[in-house]
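In: Provide a 3D model corresponding to the input given below.
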Amino acid sequence: MKVFVTGVCGQLGHDVMNELAKRGYEGVGSDIQEAYAGVADGTAVTTAPYVSLDITDQAAVEKVITEIHPDVIVHCAGLILNESLRLLAEDFDAVLIDCPPVLGVMMVNALAASSLVIVPTQTEFLALKGLERMMKTFEILKDTKSKPIKYLVVPTMFDRRTRASHQSLETIVGVYQDAVWHNVIPVDTHFRDASQQHVPASDLYPNSKGVKAYGELLKDLLAQEGIEL
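Out: Numbering: from 1, shown residues only. Sure, this is the predicted structure:
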């Protein structure tokens, strides 16, 4: 797998490149300087392929991406989200960042800015494979943060009627133990009905089992962060 990493002259990009090298991935670094100008510590990043790139130049970015054709892009050049949230810290008690489970610009910025990562996981076999890949992403990035990545696995779409759901839940709890939420989000057709009507399920079906489960999750998450409703 080829990974294109921006901002490698900074500490985060430097560490990401070295972690990729440790895990056997091909890393291509970039920054605005003509040549690598980060810490000259003799680690993998100092000798890895490097491309000078101004990420504000759209044409240059498109050209480089086309030429390198990476499988994954990790944007470490300026943690914009972290800085933006820091400036707004006095205006909000909590911020929920929703991003796709893909190691890319949004994921890296979100992880850098987050105090807790919520990992919703369907209680089915294929979802468990996706959860494994997400944990590998955390492993790649854990050494790039000043503190460990704290996460909570939330089992979702749990169907008490099926053996597959029970087996998947047992596997999740057995592997991730204390990092798994103590409850589950059940299968609830009210979510689908509310979506079709373009109305939040909590407004349309406030007493449904799924809405109540999410309400409990919200209370638990806020309590972990020391926030009272």
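In: now for this structure: which helix has the highest residue count?
Out: helix 125-142 (DSSP state H).
In: contact partners of the next helix or strand after that helix?
Out: Secondary structure here is assigned by DSSP states H and E; on that basis, the next helix or strand after helix 125-142 toward the C-terminus is strand 151-156. By Cβ atoms under 8 Å, 6 or more residues apart in numbering, the residues outside strand 151-156 that reach it are 116-123, 131, 138, 168-169, 172, 176, 179-181, 184-185, 217, 221. C-beta here means a position set from N, CA and C on the backbone, and glycine is covered the same way.
In: whichever of the residues you listed end up buried, select them in ChimeraX.
Out: Those of the contacts of strand 151-156 that meet the burial criterion (16 or more other Cβ atoms under 10 Å) are gathered into one ChimeraX selection, given here:
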select :117,119,120,121,122,123,131,138,168,169,172,176,180,181,184,185,217,221
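In: so which of the contacts of strand 151-156 belong to helices?
Out: If you go by DSSP H, these have Leu131, Phe138, Ser168, Leu169, Ile172, Tyr176, Leu217, Leu221 in helices.
In: and those residues, which is closest to Gly10?
Out: Using Cβ to Cβ, the shortest approach to Gly10 within those belongs to Phe138, at 20.4 Å.
In: show me what contacts the closest one?
Out: Under the criterion of Cβ under 8 Å, 6+ apart, the contact list for Phe138 reads Leu111, Val117, Ile149, Tyr151.
In: count of residues packed around Phe4?
Out: Phe4: 22 surrounding residues under other Cβ atoms under 10 Å.
In: Val16: helix or strand, and which one exactly?
Out: Under the assignment given by DSSP H and E, the secondary-structure element containing Val16 is helix 11-22.
In: tell me who's in contact with the residue positioned nearest the centre of the chain.
Out: To find the centre residue of the chain, average its C-alpha atoms and take the closest one (Cα atoms, centre = their mean): that gives Met107, at 4.3 Å. Contact criterion Cβ under 8 Å, 6+ apart gives Cys99, Pro100, Pro101, Thr137 as the residues in contact with Met107.
In: how about stretch 1-21: buried residues?
Out: Across stretch 1-21, burial judged by 16+ other Cβ under 10 Å covers 3-10, 12-21.
In: can you check stretch 218-227 too?
Out: Neighbour counts using 16+ other Cβ under 10 Å place Leu221 of stretch 218-227 among the buried residues.
In: what lies in contact with it?
Out: Residues outside stretch 218-227 that contact it (Cβ under 8 Å, 6+ apart) are Asp93, Ala94, Ser115, Leu116, Ile118, Leu152, Trp181, His182, Glu228, Leu229.
In: go again with 7 Å.
Out: Residues from elsewhere that reach stretch 218-227, judged by Cβ atoms under 7 Å, 6 or more residues apart in numbering: Asp93, Ala94, Ser115, Leu116, Leu229.
In: that one - what's its average pLDDT?
Out: Stretch 218-227 shows a mean pLDDT of 88 in the predicted model.
In: repeat that for stretch 191-207.
Out: If you average the pLDDT values across stretch 191-207, you get 94.
In: C-alpha coordinates for that stretch, CSV please?
Out: Taking only C-alpha atoms (Å, rounded to 0.1, in the frame of the first residue of the first chain), the coordinates of stretch 191-207 have been written out as CSV:
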residue,chain,number,x,y,z
PHE,A,191,-35.1,4.8,12.3
ARG,A,192,-35.8,3.9,8.7
ASP,A,193,-39.3,5.3,8.9
ALA,A,194,-38.1,8.6,10.3
SER,A,195,-35.4,8.8,7.7
GLN,A,196,-38.0,8.4,4.9
GLN,A,197,-40.0,11.2,6.4
HIS,A,198,-36.9,13.4,6.8
VAL,A,199,-37.6,13.9,10.5
PRO,A,200,-35.3,13.0,13.4
ALA,A,201,-36.3,9.7,15.0
SER,A,202,-36.1,11.4,18.4
ASP,A,203,-38.8,13.8,17.3
LEU,A,204,-41.0,11.3,15.5
TYR,A,205,-40.6,8.3,17.8
PRO,A,206,-39.2,9.6,21.2
ASN,A,207,-40.2,6.4,23.0
